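# sharing a model that was predicted from the sequence below.
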Amino acid sequence: MARSTVPGIVPARHPAAPAKHPAESGLAARAQAMRRFNRFYTRQIGALREGLLQSPYSLTQVRLLYELAHRDGLSATTLGRELGLDGGYLSRTLAGFEKQGLIRKSPAPTDARQNILSLTPKGRKVFAPLGRRSQEEAEALLGTLAPAAQSRLVEAMQAIEQLVEPAAPGGAAPYLLRPHQPGDIGWVISRHGALYAQEYGWDVTFEAFVAEIAAEFVHKFDPQWEHCWIAERDGVNVGAVFVVRESKQVAKLRMLIVDPSARGMKLGHRLVEECIRFARAKGYRELTLWTNDCLHAARRIYQQAGFVLLKEEKHHSFGVDLVGQNWELKL
């Protein structure tokens, strides 16, 4: 800029912009990267489409149907708080669902001022194809990747969850849930054998029993209808569970295990919940399991998840006298 030649006039000076702290500059760049990822991912999952999953429903409406399909005892207040939805919008959406015959309201047993929401048979029928399509789209996206890359992607997503919404102070350390990979099945067999010998006095034939189930899973594994979840904490396996196909209508929950180092984290509940979600999304009508009455912690998890005891039978296996139990959950 040329200097003023008028006597007595001092050239105007523009104040220098305050220097940005390096941390502030880095934060802005990271925020831009987050926004870029958000734009990328919403495009990948089709969140910008007018009707999600080839349906007349929006992303928020499908999410509300999902919560009602997979959880019991929900009130509008709880839904609004957990999903961060505006009260007016939520009220209008739920009223629309009720008018369509998708949901019903019933007084809360502990508070007559609150209504408990649940899907009607029509609502479950409407949601079922949405659950399947969502699962199919996720599998199609993952299916373009090699198994190792699939695991990396899932672990990265879970890391995002844990960093953005970490466990409460003083709570249990986080863990990752991922599909099985080489080495995991051997861990499942070995950990079952060692843990049940230590805690229940079962002999080596139990390890052989688990090995037979695990080998059959590997040889006949159908990823379209079956799944394994491995829980990992700080790079170490701490839990597992499997869903296997019994028939077109029936799936079976098998080989649930939680290492003592991960107890108290509600990991067993989470693993069972994942099995139930998977079975419902696949369109199974029943989820069954076999266990023994001495496994008190596992039985409590099954009962709280809604499983019903069908029958009991005494047997002598794994070197001890046991009472076997068959449980069932109607989906």
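Sure thing, it's come through. Numbers count the residues shown, from 1 in each chain.
# run through the neighbouring helices and strands of whichever strand or helix holds residue 41.
Residue 41 is part of helix 22-44 when elements are defined by DSSP states H and E. For helix 22-44, there is no helix or strand it packs on, judged by 3 or more CB pairs under 8 Å, 6 or more residues apart in numbering; DSSP states H and E. Backbone N, C-alpha and C define where each C-beta goes, glycine included.
# surely residue 251 touches residue 279?
Yes. Counting by CB atoms under 8 Å, residue 251 does reach residue 279; the two are 4.6 Å apart.
# residue contacts, residue 294?
Residue 294 makes contacts with 200, 322, 323, as judged by CB atoms under 8 Å, 6 or more residues apart in numbering.
# is it part of a helix or strand, or is it coil?
coil (DSSP: H, G, I helix; E, B strand; the rest coil).
# heads up, I number from 48, so please use that
Sure, I'll start counting at 48 from here, so that last one is residue 341.
# how much space between it and residue 108?
Distance, residue 341 to residue 108, using CB to CB, to the nearest Å: 45 Å.
# got it, and residue 225?
30 Å.
# kindly report the same for residue 342.
On the measure of CB to CB, residue 342 and residue 108 end up 40 Å apart.
# same thing with residue 77?
In terms of CB to CB, residue 77 sits 32 Å off from residue 108.
# higher neighbour count, those two?
Neighbour count, other CB atoms under 10 Å: between residue 77 and residue 108, residue 108 has more, with 19 against 10.
# pretty sure the more buried one sits in a helix.
Yes. Counting by three-state DSSP, residue 108 falls inside a helix.
# on the pLDDT front, check the nearest residue to it once chain neighbours are set aside for me.
Spatial nearest neighbour of residue 108, excluding adjacent residues (CB to CB, 6 or more residues apart in numbering): residue 140 at 6.2 Å. At residue 140, the model reports a pLDDT of 91.
# what about the closest residue to residue 242 other than its chain neighbours, which SS state?
Distance criterion CB to CB, 6+ apart; nearest residue to residue 242, sequence neighbours excluded, is residue 304 at 7.0 Å. Following three-state DSSP, the label given to residue 304 is strand.
# kindly report the same for the one 4 residues further on.
Three-state secondary structure (criterion: three-state DSSP) places residue 308 in helix.
# just residue 160 next, same as before
Residue 160 ends up strand, using three-state DSSP.
# and if you look at residue 229?
Looking at residue 229 with three-state DSSP, the answer is coil.
# for it, give its distance to residue 153.
49 Å.
# mind listing the strands for the stretch 248-378 of the chain?
Using DSSP state E, counting those that start in this stretch, the strands of the stretch 248-378 of the chain run over 274-280, 283-292, 297-305, 333-339, 355-364, 367-377.
# angle of the fourth one against strand 367-377?
Here strand 333-339 runs at an angle of 170 degrees relative to strand 367-377 (axes from the mean of the first three to the mean of the last three CA atoms, to 10 degrees).
# could you do the fifth one as well?
Taking the same axes, to 10 degrees, one finds strand 355-364 and strand 367-377 inclined to each other by 160 degrees.
# show residues contacting strand 355-364.
252-253, 256, 340, 368-377.
# any chance of these in CSV with neighbour count as columns?
Shown next, in CSV, are those (neighbours: other CB atoms under 10 Å):
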residue, neighbour count
252, 12
253, 19
256, 17
340, 13
368, 9
369, 19
370, 12
371, 14
372, 19
373, 15
374, 21
375, 17
376, 21
377, 9
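# quick check, pLDDT for the nearest residue to residue 371 once chain neighbours are set aside.
Distances taken as CB to CB, 6+ apart place residue 360 nearest to residue 371, at 5.0 Å, with adjacent residues excluded. If you check residue 360, the pLDDT there is 95.
# just to revisit the earlier point, more crowded one of residue 298 and residue 326?
Neighbours around residue 298 and residue 326, counted as other CB under 10 Å, are more numerous at residue 298. The numbers are 29 against 24.
# specify the beta-bridge partners of the more buried one.
In this structure, residue 298 bridges to residue 292, residue 334 when assessed by DSSP bridges.
# shaky segments in the stretch 148-297 of the chain?
157-159, 209, 212-221 (pLDDT under 70).
# apply 50 and report the result again.
215-220 (pLDDT under 50).
# skipping adjacent residues, who's closest to the most centrally placed residue in the chain in space?
Nearest to the geometric centre of the chain sits residue 321, at 5.3 Å (CA atoms, centre = their mean). Nearest non-adjacent residue to residue 321, counting by CB to CB, 6+ apart: residue 276, 5.4 Å away.
# so what's the one you found up against?
So residue 276 contacts 224, 225, 226, 286, 287, 288, 289, 318, 321, 322 (CB under 8 Å, 6+ apart).
# gap between the residue nearest to residue 108 and residue 171?
Distance from residue 140 to residue 171, by CB to CB: 18 Å.
# likewise residue 191?
Applying CB to CB to residue 191 and residue 171 gives a distance of 31 Å.
# count the residues that sit near residue 125.
15.
# still on that earlier bit, do you know how far the residue nearest to residue 371 is from residue 368?
From residue 360 to residue 368 the distance is 12 Å (CB to CB).
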